[in-house]
Structure formats: C-alpha cells, structure tokens
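J.: model this:
(2 chains)
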There are 2 protein chains.
Amino acid sequence: MAEGFSVAILGATGAVGTRLISQLEHSTIPVSKVKFLASARSAGKVLQFRGTDVTIEEAKPQSFDNVDLVLASAGGSVSKRLLPEAVKRGAVCVDNTSAFRMDPQVPLVVPEVNADELVNHKGIIANPNCSTIQMVVALEPIRQRFGLNQVIVSTYQAVSGAGQSALNELMDESQQVIDGEPTDPQILPTKGDKKHYQMAFNLLPQIDVFEDDGYTHEEWKMIHETKKIMLNDMDAKDIKVTATCVRVPIRIGHGESVYFEVADKHATASQIQDALANAAGVVVQDDPSHQVYPQSITAEGSRETYVGRLRPDLENEGNFNMWVVSDNLLKGAAWNTVQIAEELVKRDLVRVPEAAYQQ
Amino acid sequence: MAEGFSVAILGATGAVGTRLISQLEHSTIPVSKVKFLASARSAGKVLQFRGTDVTIEEAKPQSFDNVDLVLASAGGSVSKRLLPEAVKRGAVCVDNTSAFRMDPQVPLVVPEVNADELVNHKGIIANPNCSTIQMVVALEPIRQRFGLNQVIVSTYQAVSGAGQSALNELMDESQQVIDGEPTDPQILPTKGDKKHYQMAFNLLPQIDVFEDDGYTHEEWKMIHETKKIMLNDMDAKDIKVTATCVRVPIRIGHGESVYFEVADKHATASQIQDALANAAGVVVQDDPSHQVYPQSITAEGSRETYVGRLRPDLENEGNFNMWVVSDNLLKGAAWNTVQIAEELVKRDLVRVPEAAYQQ
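T.: Numbers count the residues shown, from 1 in each chain, chains lettered A, B, ... in the order given. Prediction:
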C-alpha cells in the first residue's frame, strides 16, 4: 500500500466516468494501478490514464479482486449488483448513483459538510445527487454560524445531468429548431418515463419520475438527502426543505434559486457573505454594481460552488435569497466522488471494516 | 363612434407591436380606422391589418388627432413623451411600458384580477410587466377563496421579453456554440447595462438593471406591481412578496416556480386546483401520472396562463408550490393590452374624463 492504491472506475465511459478519470489524474491519491470497468459493449476500448493506455474490461464480481478503491458511476442497478461484491473482496466503494444513498449503513458525504461521517463507513460511501451537493455546500457555512430553519429551492438543471445521450439530444434538437425542422425527442425529460418532450428552447418541470405525492424523485432527493447530509437523519424536522426541480436547455452548470430562513434573526447579508467567503469549496461572486454573479458557462470546468445575488427578503427578517451555480458533472458528481476518496486516503480509511456492509 | 373606434398602435414594428396588431385583428373591438406609428426609421414601411395595407407613420403629438384608443409598446421614454399628448387630444392610452405603472393616477390592470379599476382611469391605463401578469392571474383565484399571506417566486424568463434583437442574439449565439465558434454578446442580459454576456446555453440571473438594495428592477416590479394589482397599493403589507428573476435560453413562454402561503390553513391542493380550474384565463395542466404539466413551447401562441405541479409543502401547512407558464408576448404583453381595450369598450370607458391625466 505504501506505493499507492489499486483503483477501479466503474462506468468509465459515461459523462461522469470520463470526468472521474480526469479528476483522479489530478487528485492527491497515490495510484499504483487503475482498472476501467464498463458494460460488455465498451470492453476492449482503450482510454488513457496519466498518459498510459488502459483497456476497458467488462465489469464482473471478480473484477474487484485486489482492488482497494472503487469509484462507481454506471447506474443504480449496476451499483446495487456489483458494489456488495466489491466490498466482499475488500474494496472500499464510493458510489455516485442513488442506489445506497438512503441506506442507514451508508454515509452520504459532501466533504465540506460531513467528512467525519466517513469513519463509520462499512465499505460503501454514497455520493449525493448533483443538485443537493451544491446547495448544501452553500448552506452549511450559513447553518454553522446562524442556524437554519427552512429552505425553499427552485432549480435550473443542466441537461448533462441526464447523461451524455441527453446532452446529444439537446444539441441535435437545438440545430433542428434553428433550421425550422421538427424535433424527435427520445430521452428527455427522463429515460425512465413514458413520454418524451423537446428540451431545446423549452423548460421541463420534471426531473426523474413522479412520486405519489406529486413531487418528482429529484425533488424528493433534494429534501431527504439535504436532511441526511446536514442532520444525519433523512427525515429530520429541524430544517424544513421543499424543492421544485426544472430542466433547462443548458449543457453544464446547474443554477439554484435558494430562499432560506436562518435561526438568528439579527443575521445580516454581509455577515452571511463573510461566512460564505471563508467557507471551503465556495467562491462568492456577488457584486451587482459590476454585474458580477454566478453563471453556468463560467462555472463549467471548476470544482467550486459559486454563490451570488445574496440579499435579504425585504419583508421577512432572517430570510434571504441567493443564487448558487456549480459544474454538475464535477462538484455535483466526479469531483465530489474523488474528493471523498481523497478524504478516505487522508484519514487512513481505505479498508473494509470487519462489520462490513450487509445486503 | 357607432361604426367603431379609431385605434393607433405605437411601436408597431417590435416583437410586441406585431402581436398587438394580430391580437387587435382577432379582438371584439369594432375598429373603424387604424394607424401604425413608429420611429422615423420605420416610417413608410407597410404592414397589413385585416388584409389591408397600412403605411407606418412617424409618431408625433399630432399623430393622435382624431384617435380614440392608443395601444403603446415603443419603450418607456416614447410613452412618457407622447402619451400625455395623446390624452390631451382625447385619446385613451393603454401602455405596455413601465413608464406609468407606479403613477397613482394610472390604473395597473390585469382584467381577470382588477378590471374594475378601469372606471378610475384618467386617460392612461398601464399594462403590467410580463412576469407579474401571469403570476397574478394564477394567484388571484387562490387569494379570492383562501386568502394569500406570502409569495416567493423564481422566474425562468424567455429571451423575447428583452425584444426581437435579443431573440436574434440568442439564435445567432446558439448556432455559434453548436459550431464551436466564439460568441459576441452585445445586448443581453439587458441593453441598459454595461456588460453583456452569452445567453445561449447559459443562465443569467439579471433582468433589467440593479437597484441599490441588490434586487434587479425586474424583481422590484414583480414585488410592487403584484401589490398594486392585487391590493391597489404598491407598498401594501398584507401580502409579502419576494422574487428572483433569471433569464434562460428559451424564446417564448416564461416559467415561474411560485411558492405561496394561503391564510386558510385548511386549504387542500385539490381545493386550490378547483379554484384554478374555474378561474378566467387559467388552464390547469396538472396530471403527473401522465406527465402533464405546463411547458413553454406548448404555451406559445396562446392567450391563457397554464398552471401545474401544484402540491403542498409537506412540512408547512397552508404552503404550496406551483409551476406557471404563459406566452410572455401575448398574455404578458400584447393580449393583456388588447384585453384591457376590450374591457374599456365593453364598459363604455373609451373617453378621456374631464379630470384627465396630469404630468
């Protein structure tokens, strides 16, 4: 182990997978060996890691023999099937799918918020939903200093969050609309549902499938993941959260209009900006007089979460509006996953404990 | 007058102006004569009204001699200069700019909400801001039945709201991004400010210029116009309103994520849907199990306001989320203006009273 870790990337060819590779290349993790795993369809293709060719292998239980660390982003059903096999073989898994997020055995981690939860891992750590991650990175420093009672969020989510094929669909449709041709939607708003609608130059207030209560599963995730990450209890009542999630025709960089109520009614906007300016992972971009505020295209490619447009609700003391943007494929996915792995290495936690994850 | 009204359209060539013409063509207003007025640059061009050629004239004070009704959408400074001249000449003006909206002499009217205010007009009636109109159409039937304490809105506003040149910029930039070429923004987020940013595949949390308190003027409008329309007092405290306005890369059809608190804590989502289903100007599109919800591209070209995704905040009794979409150039501008004119005709109010508008 002194020479480094044997790391497997599961789902290496996707929009997140390719970024898992580049984030790992630029991480502080000592890597002695990498394996790129994917479906049989991609096996045999060659990708690069730090200038060396790596041939993609089909992911099977035995693929995880002699692997120390797995970074997974191949879809929920693949993670559900293969990660317990990896844990059995002694590999610690950081999973970017929703498969294990609400499992009480599994820490759900955003390092800036709850890295300490990593000490309790049983072999699997879950990476939260992209829209949740950037919101809690912005809210946690506020909660730490002023307390947090309530959050009302409306999202403006980029199409890359639905995968590379959805992104291709957006770009194809955009050209068709410019050319005055009909579009032929097959994927968005979500592969998992029956009807598909044009995304180009349109707004779709559906991300993921609908729950019985009228909320989408994406909205459900924002509510319950936020509570699990900030309060270690997915049903905690201490912070009320509600969400409206909307897909918008942009490629990368989710936007979020976040309205929040702090406990300390004397908190001012400039105190909150101070707390944000000193917070890990946050960059404050907030100078209206010079038209400085977070934008999707300027956040793209960066690991940070950008916050601006912070201002008090003029009629409700202790309530504020802000605008939060981050690269949904990096902090929302690949970077947060690699960042968790860096924390595991730093804390000497890249080992499956005796009381390992049980299916 | 028995044969109809002499109607002038001021600003006939713009994105709203061309729609004022078509909405007037399809209105119930008896029109004996039309005049199309615009800047000197457009004078001499020919447009059609009900199949007849109409030559555009340069707008001057004398243009309003013998005009009964003016529908204006040529920018705030033009309205400020010319509408008092029109009133002096006996013409009643419905103005689509922000020039007179907060003037206590001027009713600010959305016919479904406060048509009765028209009886107090002094020659000028103001048409509200596009994003305000569709929100109050959806909120008024809720307020009528359940009372309304608070509104927190996040907008997803179409580029056509910034005018035809902004729309052209979006489409040019979209092609440039698809082709991998650099963009050269000159207009958006707003002509009236110094810096311009790419709109294609991007989000811009600035509409109009910034006020000193950190809110944009668009957000200011949503707060104070809502109070003036619903409560006849731009600073009323009975309903608290806060807003975050964001421009998104779509062409037509503003979306709004509206969070609201009703006074009647026993109100249910299905009672609110009932109230909306029976409200003038509202179409409920709300069937998650069949993926039915308002979309921008399906609202385009229609006079209605579409409401869906109505659901209770699961942790705050009496609080709800909903999603509201309307064609910002029709109900948000041209149709609301013509609809006000129809109401004036219906109520026999197309005459300037003795106590006329004073500058």
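
J.: As a check, name the ranges of all helices in chain A.
T.: Using DSSP state H, the helices found in chain A span residues A:15-25, A:76-88, A:111-114, A:130-146, A:164-178, A:217-231, A:269-277, A:296-299, A:335-346.

J.: Among the ones you listed, which comes closest to B:Phe210?
T.: Of all the helices of chain A, it is helix A:269-277 that lies closest to B:Phe210, at 14.2 Å by CB to CB. (Glycine included, C-beta is placed from N, CA and C.)

J.: Show me which positions of the closest one end up buried.
T.: A:Ala269, A:Ile272, A:Gln273, A:Ala275, A:Leu276 (16 or more other CB atoms under 10 Å in any protein chain shown).

J.: Hey, what's the angle from that helix to helix A:130-146? Just curious.
T.: 120 degrees (axes from the mean of the first three to the mean of the last three CA atoms, to 10 degrees).

J.: Check the offset of helix A:269-277 from the chain's centre.
T.: 24 Å (CA atoms, centre = their mean, to the nearest Å).

J.: what's in contact with that helix?
T.: A:138, A:141-142, A:144-146, A:262, A:282, A:284, A:286, A:307, A:310-312, A:320, B:214 (CB atoms under 8 Å, 6 or more residues apart in numbering or on different chains).

J.: One more pass at 7 Å, please.
T.: The list of residues contacting helix A:269-277 from outside it, by CB atoms under 7 Å, 6 or more residues apart in numbering or on different chains, reads A:Ala138, A:Pro141, A:Ile142, A:Arg145, A:Val282, A:Val284, A:Asp286, A:Val307, A:Leu310, A:Arg311, A:Pro312, A:Phe320.

J.: same question, stretch A:210-223
T.: A:98, A:129, A:131-132, A:153, A:206-209, A:241-245, B:288-289, B:311, B:314.

J.: ok, back up a step: rebuild the helices of chain A as a markdown table, extending it with distance to B:Asp53.
T.: Below are these laid out as a markdown table (distance: least, CB to CB, whole Å):
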| stretch | distance to B:Asp53 |
| --- | --- |
| helix A:15-25 | 54 |
| helix A:76-88 | 63 |
| helix A:111-114 | 66 |
| helix A:130-146 | 54 |
| helix A:164-178 | 32 |
| helix A:217-231 | 53 |
| helix A:269-277 | 57 |
| helix A:296-299 | 45 |
| helix A:335-346 | 62 |
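
J.: first vs last residue of stretch A:54-68, how far apart are they?
T.: 18 Å (CA to CA, to the nearest Å).

J.: do stretch A:202-221 as well
T.: OK, stretch A:202-221 end separation, CA to CA: 24 Å.

J.: same deal with stretch A:49-62?
T.: Start-to-end, stretch A:49-62 (CA to CA) is 22 Å.

J.: what sits up against it?
T.: By CB under 7 Å, 6+ apart, stretch A:49-62 touches A:10, A:12-13, A:21, A:25, A:34-40, A:42-48, A:63, A:74, A:78, A:82, A:85.

J.: Would you enumerate the residues in contact with A:Ala91?
T.: A:Phe64, A:Val67, A:Asp68, A:Leu69, A:Val70.

J.: what do you get if the cut-off is 6 Å, keeping everything else the same?
T.: Going by CB atoms under 6 Å, 6 or more residues apart in numbering or on different chains, A:Ala91 touches A:Phe64, A:Val67, A:Val70.

J.: any idea how far the first one is from chain B?
T.: The reference is to A:Phe64. Distance of A:Phe64 to chain B, computed by CB to the nearest CB, to the nearest Å: 39 Å.

J.: hang on, that residue packs against A:Arg89?
T.: Yes. Look at A:Phe64 against A:Arg89 with CB atoms under 6 Å: they come within range, at 4.5 Å.

J.: So which residues of chain A form strands?
T.: A:5-10, A:31-38, A:46-49, A:52-55, A:57-58, A:69-72, A:92-95, A:124-126, A:148-157, A:240-247, A:254-262, A:282-284, A:305-312, A:319-326 (DSSP state E).
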